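[1] this one's structure only:
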């Protein structure tokens, strides 16, 4: 039977990783809701953000500037991806599965280029604030974990405000609710599509950057991150931001407790088994709306 | 020149419209090919193409016709491979018996998994198949007492009939392509039957199909199991060819690759998988060959980038898959025949296509 100290430790690391997965899941949800595409390159956004931050940091720029530049760069990457690949494909009548495969292709390109630029080495960043490791109930917690959770909550709040209170945000939501009606109201779905990719790029970059001081970053971290983010997004229902967050935290906690209590090798399987059970019991995900399809 | 073009067009029209003729021509081509190709290296590539084609044909039945996505099909491929491998290497079964047993086990697993999973819709189904695929992969990795774990399972014997062992690539080539042709023929018969039409109706609209009396649940499960058995047989063949397997060939990346092959080839026709598999495999080999000549020291990184670029370009400009685009354009290039009825062999105006307004979803054939 694990001690309290272990349980707290599992909880802390689970919440931390969960925050990362939540940010990535948010990116998935945004793009999916606005465009219907599952962006399987989402994890690569995080990777590029992290590695760019490492490179920028090495040039000696102040840390906050490094972070802002990296996030903006990945936002730009999202924009380029949407304009160069998704948009042309869609205007040629590509089906959803085709678009998803395009995101797979883009993911490969980004991964390949990252491999060329940064090689296979792992890189790290210093923590955002120099502070000692905390001890909570006998478990260790690095202050960077607060940054993860904090930034995640900040992003969710800002996103909420954006979607509810600003014109652009409301336009974005309109596209989700009824694309045709939105067009009739003068909203351009293409622009919303662009915006969704830009937003998701930013969120992914934040996830990657805030994670690197805790866990080293390398060119191939995008795959697993993207996969788990996808799982989190679907578990949360793919339709809402809170769902994505809770999905992310769920995946993080399951993974952490699974690794601690069950053998480390089977821990990923454990998380997936639980998720399959969740899906079986609630086929639309934890918070998904029981969608109705056009017949 | 006109007459040649005309003849070509008539001939191609005949072939395109008559699947049986196309099939026979293809089979003849396959059986002649080894006479034209001397090297073992190309034999190896062709064997690879044959094995993957079996898997992707099964996948196409599931995804293209029934419209159910599967991101974990490598699991079934692995189950066949490990099933055959373990039964023959560890327990000394005959390879043929082992293949059948492995296929039965895979079918059972597919049935058990499929029953709850196939109730899910779209992305949830994708996630469930993904999760299932990963779970099976992890089992391959962790159950090392039976599977050999990450280091794999070796000592798998060759397939044999009596004293004749399918040892060399050329011998195996004929064996495996027989299976592949059988697989394609079987798939074609499924598609062009009541069952096939029922499947396509499910793809178009499950509710409408159900209201027409189609037992959607049973049919979806059946085709899921069939596609799993396809993959299992391919896995068994692979195990007996390579004589060594490890979990790396049966993971998430493999599952994705199968889906990519299906999409690139085009899911609207039985020939799509053949083209898709061939294009992808040839592309990978070609890149491996050519890239070092352009950039001496470069390793696999540049290949990944180029591969990704080509994949993206193909998907943008040929969203319905290569087969459909080629077929559609073929008839525009060749000179028109005044006597022939116009209209392409690939029916864009098929009844299936008009129900959904989305263009080029790659359905129907």
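    Now that the structure is in, tell me what you want to look at. Since the model is a prediction, treat every value here as computed from it, not as a measurement.

[2] whichever residue of the stretch 151-300 of chain B sits closest to chain A and residue B:218, how far apart?
    Across the stretch 151-300 of chain B, no residue is closer to chain A than residue B:207, which sits at 4.3 Å (Cβ to the nearest Cβ). Glycine gets a C-beta too; all of them are placed from N, C-alpha and C. Distance, residue B:207 to residue B:218, using Cβ to Cβ, to the nearest Å: 16 Å.

[3] more neighbours, those two?
    residue B:207 (12 against 9; other Cβ atoms under 10 Å in any protein chain shown).

[4] quick one: pLDDT of the more buried one?
    At residue B:207, the pLDDT value in this model is 77.

[5] what of residue A:209?
    In this model, residue A:209 carries a pLDDT of 93.

[6] centre of the chain versus the longest helix that chain A contains, how much separation?
    What stands out as the longest helix in chain A, according to DSSP state H, is helix A:4-35. Offset of helix A:4-35 from its chain centre (Cα atoms, centre = their mean, to the nearest Å): 8 Å.

[7] which helix or strand contains the residue of the stretch 151-300 of chain B closest to chain A?
    Take DSSP states H and E as the rule and residue B:207 turns out to sit in helix B:206-211.

[8] count the neighbours of residue 11 for me.
    I went with chain A, as the question did not name one. Close neighbours of residue A:11, defined as other Cβ under 10 Å, add up to 20.

[9] my bad, the chain I had in mind was chain B
    Counted by other Cβ under 10 Å, the residues lying close to residue B:11 total 11.

[10] that's a helix at it, yeah?
    Yes: assessed by DSSP: H, G, I helix; E, B strand; the rest coil, residue B:11 belongs to a helix.

[11] could you pull out the buried residues of the one helix or strand residue A:111 maps to?
    Under the criterion of DSSP H and E, residue A:111 resides in helix A:96-118. Of all the residues in helix A:96-118, those buried under the rule 16 or more other Cβ atoms under 10 Å in any protein chain shown are A:96-115, A:118.

[12] by contact count, what packs against the helix holding residue B:207?
    Here helix B:206-211 touches helix B:194-204, helix B:216-242, going by 3 or more Cβ pairs under 8 Å, 6 or more residues apart in numbering or on different chains; DSSP states H and E.

[13] reformat these as a markdown table; add distance to chain A.
    Output for these, formatted as a markdown table (distance: least, Cβ to the nearest Cβ, whole Å):
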| stretch | distance to chain A |
| --- | --- |
| helix B:194-204 | 10 |
| helix B:216-242 | 13 |
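
[14] which residues of the stretch 1-150 of chain B lie near chain A?
    For the stretch 1-150 of chain B, the contact set with chain A under Cβ under 8 Å from any Cβ of the partner chain comprises B:63, B:69, B:116-117, B:119-121, B:123-124, B:126-128, B:130-132, B:134-135, B:138-139, B:141-142.

[15] residue 276: what's it in contact with?
    Picked chain A for this. When contacts are counted by Cβ atoms under 8 Å, 6 or more residues apart in numbering or on different chains, residue A:276 touches B:117, B:128, B:131, B:132, B:135.

[16] my bad, the chain I had in mind was chain B
    The neighbours of residue B:276, taking Cβ under 8 Å, 6+ apart as the test, are B:56, B:260, B:261, B:262, B:263, B:264, B:265, B:266, B:321, B:322, B:323.

[17] residue B:200 against residue B:65, yeah?
    Yes: under the criterion of Cβ atoms under 8 Å, residue B:200 makes contact with residue B:65 at 5.5 Å.

[18] neighbour count: those two, which is higher?
    Per other Cβ under 10 Å, whichever of residue B:200 and residue B:65 has more neighbours is residue B:65, with 28 against 21.

[19] okay, now the residue nearest to residue A:129 when sequence neighbours are not counted: neighbour count?
    Among residues not flanking residue A:129 along the chain, residue A:143 sits closest, at 6.2 Å (Cβ to Cβ, 6 or more residues apart in numbering or on different chains). Residues contacting residue A:143 under the criterion other Cβ under 10 Å number 15.

[20] quick one on the thing from earlier: buried only: go through the residues of the stretch 1-150 of chain B next to chain A for me.
    In the residues of the stretch 1-150 of chain B next to chain A, burial by neighbour count holds for B:63, B:69, B:117, B:120, B:123-124, B:126-128, B:130-132, B:134-135, B:138-139, B:141-142, counting by 16+ other Cβ under 10 Å.

[21] next secondary structure after the helix or strand where residue A:198 lies?
    Taking DSSP H and E as the definition, one finds residue A:198 inside helix A:189-211. Per DSSP H and E, helix A:189-211 leads on to helix A:221-235 as the next helix or strand towards the C-terminus.

[22] check which helix or strand covers residue A:135.
    Applying DSSP H and E, one finds residue A:135 within strand A:134-136.

[23] quick revisit: now do the same for the residue nearest to residue A:129: its pLDDT.
    pLDDT for residue A:143: 84.

[24] in the helix or strand hosting residue B:281, which residues are buried?
    Under the criterion of DSSP H and E, residue B:281 resides in helix B:271-294. Judged by neighbour count (16+ other Cβ under 10 Å), helix B:271-294 contains these buried residues: B:271-281, B:283, B:287, B:291.

[25] what's near enough to touch the spatially closest residue to residue A:17 that is not a sequence neighbour?
    Using Cβ to Cβ, 6+ apart and skipping the chain neighbours, the partner closest in space to residue A:17 is residue A:252 (4.0 Å). By Cβ under 8 Å, 6+ apart, the contact set of residue A:252 is A:13, A:14, A:15, A:16, A:17, A:18, A:19, A:20, A:21, A:22.

[26] who wins for most neighbours among these?
    residue A:22 (34 neighbours).

[27] that residue contacts residue A:243, correct?
    No: look at residue A:22 against residue A:243 with Cβ under 8 Å: they stay out of range, at 10.0 Å.
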